[in-house]
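**Q** 3D model of this:
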Amino acid sequence: MQAIIKRHTLTAILLAAILTLAALTLLVRLPNLHGDTLNTVTLAEQSAGYDLREITSWNKRAIILLPGSTYYPNTLLTPETADAATPVSTDELAALRADYLSQRFVLRLPDTNDAYTLTFKLSGRHAMRVYVNGTLAGETGRVGTTKQDTEVWENHITIPASPKNGKMDILINSAQFYHARGGANLATLTIQKAAETVTPRLSEPLKGLAMTGALLCAAALLMSVYLFLSHTKATLYFALACLAMALRECVQSQAWTYFPVDGNTAFMLEYLSVALLTIFLSLYLGQYAAGPILRGIQIAAIAGSLVYGGITLLGDSLLYTSLLKFYQLWLVVCIVCGTSGLFWNMRRPSREQATVLYGIAVFYLAAVSDIAMYRDLFGAVYPNAPTSEAAMLIFTVAQTVSLFFMNSRVLAESKKAEQRLAADKAALEKLDRMKTEFLGNVSHELKTPLTVMSGYAQTTNQLSEQLPPPLSSEVSRRMALISSEAERLSLMIGQVLDVTRMEEGRMVMEPVRCHLDEIVHSAVTTHYPVLNKNQNRLRIRIDRGLPDLYADPTRISQVIVNLISNAVRFTSDGEISLFGGQDGNQVLIRVSDTGAGIAPERLPHIFERYYQKETSGAGQDTGTGLGLYICKHIVEQHGGAIWIESLEGHGTSVFFTLPAANTEPC
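**A** Predicted coordinates:
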């Protein structure tokens, strides 16, 4: 069975959507589904009005009285003017547009003291006013003879009334200036005994309020998903579509009467909500609009809705209600073409896509069905009860389930990716350990031959003094160069060894009480061959009276040599200066040069290990990329700080501080 459904997924989705729509139609349109069983009798007007005296049992019975054979177009009758007015046959209703009219119901009832409940219902919302036996019995909205004086309200009014001498003379005024399809309509009258009145357990406004609340909850849920989880615009658009449908349901079910909204504004919002709903759903479906055709349909639906929404918001009601049929036709074309293209593009959907397609099919089938219903394409036998609102809830549930499936898939993929990353991390850590061990071993092995090379170079330099002058000076120069390069290579190998010790936690500081000028003198004297290059002048100035340091002289000397060596590489025929002074409770050391400087984008990364090297101002490679990284570690291990100031093309200054011995020993 599952294999068959998988091969015919789209057919199964469409069949499920059609069955769902049929079930929704029964739920929202089946008579008396939400109330007690009510026996109804429909009567037409007789020659002398409506004679109800022969009805002996009113137990759970309602009498529906059809409109009479005459009415009073463009006239608002009052009890004082009723007998003087001339009625017109109701056959003229279609030909004569009447924005306001009056009807008369004359009822003959048993001459008792029984009270009755009267309900007048019209097609579409009207302003209504009712007189019973010469007395104003009830009013909804504001009945007027001009559009400015009229405020439409609900499509029904219910009032209590009692006969007088067995007679009930009823006048009803109704007005509707807002719809282009016609003005005011004739009302039907439903009468029940007050003691036997049967009302639905849940009235239409309350059902609408419940549906509105459900749609608002769905919008809030999806908005939360958007804000805290997905940040996907499609989820935001669907949440806004739920808000637009909640607005439509609130207005259409007349639940808006619970809120301080006037009837004319509610009338406009009912039409505006359709445009808003179409715009947000079109934006939502844009995530599936692959290809120029579907994208064009999406743009067409949004553009048409923006135009109609603007006309509704700013134009006259007669204009936007007259344009409604063209807008509905436009929507049907976009729906049919868009959903067909969407189903074709997703003919092999994933599980979450199949769920979304089901919701799309249910909603748009309901939307087309409701449009056909409003255009009276099914005839009078088709009850006027829309299913789009209930279908939107089905669509929302499908969207939520789709999000659940998608999140489950994403979590599963994330778990697999996490496992792969953990394996890769373990492999990289192993490679890093192997690299560190290799560098440490190679560095140790290189130290011995470098020491031998340096020793032989110094010995040969001494022996060269016994040679004749021209030859001795050349040999001495070359031996000094060999000794300098051996020393530089020894420093680089030392840096690699230091990083290995740092990573393994084996770099130990051995602090003693010492003085800055002694450290600087030892560093410059010991590494003079490395520092005396590129025809630079080295200037050293140490302030007198500096406090002693509690530091490892070898490591601080290493910092100074690294900083001067870097300055030498980036400076040619310039000046390198070293300054030492006191800064509060700390000793400040600054190494400056007049070289190439450092680009601003490199400064934040300059102390990183193996940071991208550059060619020095003298055309030499800058080294291992470890010197400043090691300097930072050593200074911070002593409780100090290190930083750089540089202006590209104008040199660099490196500062570092060390605590004085009597303030903060390391």
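**Q** these two touch, right, residue 122 and residue 187?
**A** Yes. Residue 122 is within contact range of residue 187, at 4.7 Å (criterion: C-beta atoms under 8 Å). Glycine gets a C-beta too; all of them are placed from N, C-alpha and C.
**Q** These two: who's more crowded?
**A** Per other C-beta atoms under 10 Å, whichever of residue 122 and residue 187 has more neighbours is residue 187, with 25 against 20.
**Q** ok, residue 262 - how many residues close by?
**A** By the measure other C-beta under 10 Å, the count of residues near residue 262 is 13.
**Q** and it, what does it touch?
**A** By C-beta atoms under 8 Å, 6 or more residues apart in numbering, the contact set of residue 262 is residue 151.
**Q** Helices along the stretch 551-666 of the chain, start to end?
**A** Ranges of helices within the stretch 551-666 of the chain are 553-569, 627-637, based on DSSP state H, counting those that start in this stretch.
**Q** Redo these as TSV? Include mean neighbour count, mean pLDDT and distance to residue 289.
**A** Shown next, in TSV, are the helices of the stretch 551-666 of the chain (neighbours: other C-beta atoms under 10 Å; pLDDT from 0 to 100; distance: least, C-beta to C-beta, whole Å):
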stretch	mean neighbour count	mean pLDDT	distance to residue 289
helix 553-569	23	89	58
helix 627-637	21	89	52
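**Q** Out of the ones you listed, the one nearest residue 263 is which?
**A** helix 627-637 (75.2 Å; C-beta to C-beta).
**Q** Now the closest one - C-alpha only, PDB.
**A** Output of helix 627-637 as PDB, limited to C-alpha atoms (Å, rounded to 0.1, in the frame of the first residue of the first chain):
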ATOM      1  CA  GLY A 627      58.200  35.400  17.400                       C
ATOM      2  CA  LEU A 628      55.400  37.800  18.400                       C
ATOM      3  CA  TYR A 629      53.300  34.800  19.500                       C
ATOM      4  CA  ILE A 630      56.100  33.700  21.900                       C
ATOM      5  CA  CYS A 631      56.700  37.200  23.100                       C
ATOM      6  CA  LYS A 632      53.100  37.700  24.000                       C
ATOM      7  CA  HIS A 633      53.100  34.400  26.000                       C
ATOM      8  CA  ILE A 634      56.300  35.300  27.900                       C
ATOM      9  CA  VAL A 635      55.100  38.800  28.800                       C
ATOM     10  CA  GLU A 636      51.700  37.700  29.900                       C
ATOM     11  CA  GLN A 637      53.300  34.800  32.000                       C
END
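**Q** Now do it: everything it contacts.
**A** Applying C-beta under 8 Å, 6+ apart, the external contacts of helix 627-637 come out as 495, 498-499, 502, 507, 509, 552, 555-556, 558-559, 562-563, 565-566, 606-611, 641-642, 656-658, 666.
**Q** let's see it at 7 Å
**A** 495, 498-499, 502, 509, 555, 558-559, 562-563, 566, 606-609, 641-642, 656, 666 (C-beta atoms under 7 Å, 6 or more residues apart in numbering).
**Q** where does residue 494 land on pLDDT?
**A** Residue 494 carries a pLDDT score of 69 in this model.
**Q** no wait, residue 421
**A** Looking at residue 421, its pLDDT stands at 89.
**Q** That one: how many residues sit nearby?
**A** By other C-beta under 10 Å, the residues close to residue 421 number 10.
**Q** Give the burial count for residue 462, as a bare number.
**A** Neighbour number of residue 462 under other C-beta under 10 Å is 10.
**Q** quick one: the one helix or strand it maps to to chain centroid distance?
**A** Taking DSSP states H and E as the definition, one finds residue 462 inside helix 388-463. Centre-to-centre, helix 388-463 and its host chain are 32 Å apart (C-alpha atoms, centre = their mean, to the nearest Å).
**Q** go on, stretch 572-585?
**A** 55 Å.
**Q** contact partners of it?
**A** Contacts for stretch 572-585 (C-beta under 7 Å, 6+ apart): 516, 520, 534-543, 546-547, 564, 567-568, 587-595, 617-618, 657, 659-660, 663.
**Q** For PyMOL, write the select line for the buried members of these.
**A** For the buried members of the contacts of stretch 572-585, the matching PyMOL selection, counting by 16 or more other C-beta atoms under 10 Å, is:
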select buried, resi 516+520+534+536+542+546+547+564+567+568+587+588+589+590+591+592+593+594+595+617+618+657+659+660
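**Q** Buried residues, stretch 51-64. List them.
**A** Those would be 52, 58, 61, 62, 63, for stretch 51-64 by 16+ other C-beta under 10 Å.
**Q** Assumed residue 275 was part of a helix.
**A** Yes. According to DSSP: H, G, I helix; E, B strand; the rest coil, residue 275 belongs to a helix.
**Q** how near is the residue nearest to the spatial centre of the chain to residue 224?
**A** Centroid-nearest residue in the chain: residue 231, 3.7 Å away (criterion: C-alpha atoms, centre = their mean). Plainly put, residue 231 is 12 Å away from residue 224 if you go by C-beta to C-beta, to the nearest Å.
**Q** what's the answer for residue 75, then?
**A** Counting by C-beta to C-beta, the gap from residue 75 to residue 224 is 56 Å.
**Q** Neighbour count for these two, which is higher?
**A** A direct count of neighbours by other C-beta under 10 Å for residue 75 and residue 224 places residue 75 higher, at 18 against 12.
**Q** For the more buried one, give me its contacts.
**A** Listed by C-beta under 7 Å, 6+ apart, the contact partners of residue 75 are 85, 101, 102.
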